[in-house]
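A.B. asks: After the sequence you'll find the predicted model.
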Amino acid sequence: MAPRCWRWWPWSSWTRTWLPSSRSTQNFGQHFSTQEQTPQICVVGSGPAGFYTAQHLLKHHSRAHVDIYEKQLVPFGLVRFGVAPDHPEVKNVINTFTQTAHSDRCAFHGNVEVGRDVTVQELRDAYHAVVLSYGAEDHQALDIPGEELPGVFSARAFVGWYNGLPENRELAPDLSCDTAVILGQGNVALDVARILLTPPEHLEKTDITEAALGALRQSRVKTVWIVGRRGPLQVAFTIKELREMIQLPGTRPMLDPADFLGLQDRIKEAARPRKRLMELLLRTATEKPGVEEAARRASASRAWGLRFFRSPQQVLPSPDGRRASGIRLAVTRLEGIGEASRAVPTGDTEDLPCGLVLSSIGYKSRPIDPSVPFDPKLGVVPNMEGRVVDVPGLYCSGWVKRGPTGVITTTMTDSFLTSQILLQDLKAGHLPSGPRPGSVAIKRLLGSRGVWTVSFSDWEKLDAEEVSRGQTLGKPREKLLDPQEMLQLLGH
Ligand SMILES: Cc1cc2nc3c(=O)[nH]c(=O)nc-3n(C[C@H](O)[C@H](O)[C@H](O)COP(=O)(O)OP(=O)(O)OC[C@H]3O[C@@H](n4cnc5c(N)ncnc54)[C@H](O)[C@@H]3O)c2cc1C
Ligand SMILES: NC(=O)c1ccc[n+]([C@@H]2O[C@H](COP(=O)([O-])OP(=O)(O)OC[C@H]3O[C@@H](n4cnc5c(N)ncnc54)[C@H](OP(=O)(O)O)[C@@H]3O)[C@@H](O)[C@H]2O)c1
């Protein structure tokens, strides 16, 4: 690593001149005179948390400069690599992120893995403040025997595969089996079930990768079980996503009315969103469908079902031991009530034959760097309102701050809060006072380490290439999957 030394930097005579405000105002930039410094702020990660943090900082401080460092060559995190291809409207947030990136006080530096190419300490030396917004890139392990067998995948990898995440492009899941089991009952589980069961011709006009589309066209998967360790009242998916499953063309739901006995009374006190979700589940499970819907279900060639009170215990191997052929589930009962109830095994088990097991029990953040505190149990960077505990000048936002739950708007609200806190600290004089070199120093360091960075205008060239490749296929884009090819296209 190159020595850390900013002696050559010409602004060493700068002093801290953050003035206390006599007026209450949101715009901190109003408090600076012309000779006052530009706060150099760095954001790690270019998903919703990174971009919303940057947007808020730029809006509420008229001089702040924000650099976004991203490990992938391309921006937008889970908006590109997580959100399902058949939900294009969700990806419209990219337009807002692009506006932020176009600000002359914002710069995107792709292909930089913080913790590997540059340390957090080096970033802290170069900037007045660093915000960690690096998401939750790992998956929760099942920790059961057989998890490593071929035929078992994390939903994270499966989603990455159909969404063109470079590291998952070789996944090639074998879809030649009749039955798939998805473990977990959150929205990711429903995304994965929907992609497995949607007639491929309905996906042709989306940005799903051609490789995934080809595999789904050949798929023989007819039945998908979505398995939860708790009951219907505790499902983690939401009503819009459930409705999409119920209405999925060529597919029928398999819900056991017995699972819903007594639920009608118990949902009376539930909060409105859960009550509406339960009412839809109850109607679908227990009411006789109308003539049209009954005919639609009768002609369906594929089916999905929810299984409750079943906790994964072991992936069962095929007779030759070479791949998964089923899953052993521990039958559970609930201890406690409502959301806080816990699934405990009754001692009974049930074996469910299947050729594909997709574990969708949540994502998980990784520690980024030994200098940054990390809570392995909660999987977050320990923080107070976004201030990283015991590390002045270091902040966090998004999934790495709160844990891997919440939709894009939740992440937006949370990121705005972190930005507010940072601006408060800046105004109160709690951040380093002297000048900071920002990206000039970091890019110099990266150059000395042979790291070639991708700018936002580079991304726009890749974007144009993807859109052009998509046009020939009748799709909004065909994603580039190979980082080497991307770098070549950029002339490297
Ligand atoms: C499969 C899936 C589908 C979803 N669908 C929806 C949906 O339809 N609607 C909705 O509202 N919400 C959806 N969500 C939730 C939404 O994606 C999250 O709320 C949001 O993406 C969290 O933002 P984030 O910025 O914290 O994390 P991320 O989006 O994961 O962004 C983190 C970024 O940090 C980068 N990074 C990681 N490590 C480093 C490092 N060391 N150095 C530099 N950069 C790094 C990553 O490459 C990534 O770009 C979905 C989530 C998943 C998992
Ligand atoms: N369309 C959308 O808006 C959309 C799409 C995808 C994702 N998202 C959001 O992204 C976030 C992440 O979604 P997610 O589905 O990954 O997570 P999630 O909503 O937290 O759901 C995780 C599921 O896994 C189960 N689970 C956890 N640990 C388990 C274990 N050890 N054994 C068995 N089951 C286990 C949970 O059950 P318990 O409740 O019993 O723990 C729950 O059913 C959510 O906030 C989601 O809403 C939104």
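C.D. replies: Yep, it's here. Ligands and ions are numbered 1, 2, ... in the order given.
A.B. asks: going forward, measure contacts between C-alpha atoms and count neighbours the same way
C.D. replies: Will do.
A.B. asks: Run through the neighbouring helices and strands of the lowest-mean-pLDDT helix or strand in the chain.
C.D. replies: Across the helices and strands of the chain, mean confidence by mean pLDDT, DSSP states H and E is lowest for helix 263-266: a mean of 87. Packing contacts for helix 263-266, counted by 3 or more Cα pairs under 8 Å, 6 or more residues apart in numbering; DSSP states H and E, involve helix 272-286.
A.B. asks: who's in contact with the helix it packs on?
C.D. replies: Applying Cα atoms under 8 Å, 6 or more residues apart in numbering, the contact partners of helix 272-286 are 232-233, 238-239, 243, 246, 253-257, 260, 263-264, 267-268.
A.B. asks: Cross those residues against strands and list the overlap.
C.D. replies: 253, 254 (DSSP state E).
A.B. asks: Might you report the residue contacts of whatever residue of the stretch 201-350 of the chain ends up closest to ligand 1?
C.D. replies: Ligand 1 sits closest to residue 241 of the stretch 201-350 of the chain, with a gap of 9.0 Å, by Cα to the nearest ligand atom. Contact analysis of residue 241 by Cα under 8 Å, 6+ apart lists 187, 190, 191.
A.B. asks: okay but the last one is in contact with residue 82, surely?
C.D. replies: What it means is residue 191. No. With contact defined as Cα atoms under 8 Å, residue 191 does not count as touching residue 82 (9.6 Å).
A.B. asks: Neighbour count: the two, which is higher?
C.D. replies: Neighbour totals were compared for residue 191 and residue 82, and residue 191 leads with 23 against 20 (other Cα atoms under 10 Å).
A.B. asks: Which helix or which strand is home to the residue nearest to that one when sequence neighbours are not counted?
C.D. replies: For residue 191, ignoring the flanking residues on the chain, the nearest one in space by Cα to Cα, 6 or more residues apart in numbering is residue 84 at 6.5 Å. Under the criterion DSSP states H and E, no helix or strand holds residue 84.
A.B. asks: Ok, residue 351 next?
C.D. replies: Residue 351 belongs to strand 342-353, assigned by DSSP H and E.
A.B. asks: helices or strands next to that strand in the packing?
C.D. replies: If contacts are counted by 3+ Cα pairs under 8 Å, 6+ apart, strand 342-353 sits against strand 324-335.
A.B. asks: How many residues are close by residue 339?
C.D. replies: Using other Cα under 10 Å, residue 339 has 11 neighbouring residues.
A.B. asks: Do you know the pLDDT at it?
C.D. replies: On pLDDT, residue 339 comes in at 77.
A.B. asks: and it, which of the three is it?
C.D. replies: Recorded secondary structure, residue 339: helix (DSSP: H, G, I helix; E, B strand; the rest coil).
A.B. asks: Is it in contact with residue 234, as I believe?
C.D. replies: Yes. Applying Cα under 8 Å, one finds residue 339 in contact with residue 234, separated by 6.1 Å.
A.B. asks: Which pLDDT value belongs to the residue nearest to residue 191?
C.D. replies: Confidence for residue 84, expressed as pLDDT, is 98.
A.B. asks: contacting residues around residue 386?
C.D. replies: Here residue 386 is in contact with 395, 396, 397, 401, 417, 418, 421 (criterion: Cα under 8 Å, 6+ apart).
A.B. asks: repeat for residue 354
C.D. replies: 177, 178, 179, 180, 181, 324, 325, 326, 327.
A.B. asks: and what of residue 356?
C.D. replies: Residue 356 touches 151, 152, 153, 174, 175, 177, 179, 180, 181, 324, 325, 326, counting by Cα under 8 Å, 6+ apart.
A.B. asks: Residue 357 now?
C.D. replies: Applying Cα under 8 Å, 6+ apart, the residues contacting residue 357 are 151, 152, 153, 180, 181, 182, 183, 324, 326, 327.
A.B. asks: Tell me the one among those nearest to ligand 2.
C.D. replies: For the contacts of residue 357, the nearest to ligand 2 is residue 183 (6.1 Å; Cα to the nearest ligand atom).
A.B. asks: Could you count how many residues lie near residue 337?
C.D. replies: Residue 337: 10 neighbours (other Cα under 10 Å).
A.B. asks: Okay, it and residue 231: tell me how far apart.
C.D. replies: 11 Å (Cα to Cα, to the nearest Å).
A.B. asks: And residue 366, by the same measure?
C.D. replies: Counting by Cα to Cα - residue 366 and residue 231 are separated by 30 Å.
A.B. asks: neighbour-wise, which of these two wins?
C.D. replies: Taking neighbours as other Cα under 10 Å, residue 366 and residue 231 compare with residue 231 leading, 22 against 18.
A.B. asks: Would you mind measuring from the more buried one to residue 215?
C.D. replies: From residue 231 to residue 215 the distance is 33 Å (Cα to Cα).
A.B. asks: quick one: low-confidence parts of this protein?
C.D. replies: Flagging of the chain using pLDDT under 70 yields the residue ranges 1-36.
A.B. asks: just to revisit the earlier point, partner strands of the strand holding residue 351, with direction?
C.D. replies: Strand 342-353 has its sheet partners listed here by DSSP bridges as strand 324-335 (antiparallel).
A.B. asks: which SS class is residue 80?
C.D. replies: Secondary structure, three-state DSSP: residue 80 is helix.
A.B. asks: wouldn't it be in contact with residue 163 here?
C.D. replies: Yes. Taking Cα under 8 Å as the definition, residue 80 is a contact partner of residue 163 at 7.2 Å.
A.B. asks: So which of those two has more stuff around it?
C.D. replies: residue 163 (26 against 20).
A.B. asks: Apart from its chain neighbours, what residue comes closest to the more buried one?
C.D. replies: The nearest residue in space to residue 163 (Cα to Cα, 6+ apart) is residue 81, at 5.2 Å.
A.B. asks: For the stretch 1-150 of the chain, what lies in contact range of ligand 2?
C.D. replies: Within the stretch 1-150 of the chain, the residues that sit near ligand 2 (Cα under 6 Å from any ligand atom) are residue 142.
A.B. asks: Nearest to ligand 2 within the stretch 1-150 of the chain, name that residue for me.
C.D. replies: residue 142 (5.9 Å).
A.B. asks: quick check, nearest of the contacts of residue 386 to residue 481?
C.D. replies: Comparing the contacts of residue 386 against residue 481 with Cα to Cα places residue 397 closest, at 27.8 Å.
A.B. asks: How many residues are close by the closest one?
C.D. replies: 36.
A.B. asks: Then the one 10 residues further on?
C.D. replies: A total of 11 residues lie near residue 407 under the criterion other Cα under 10 Å.
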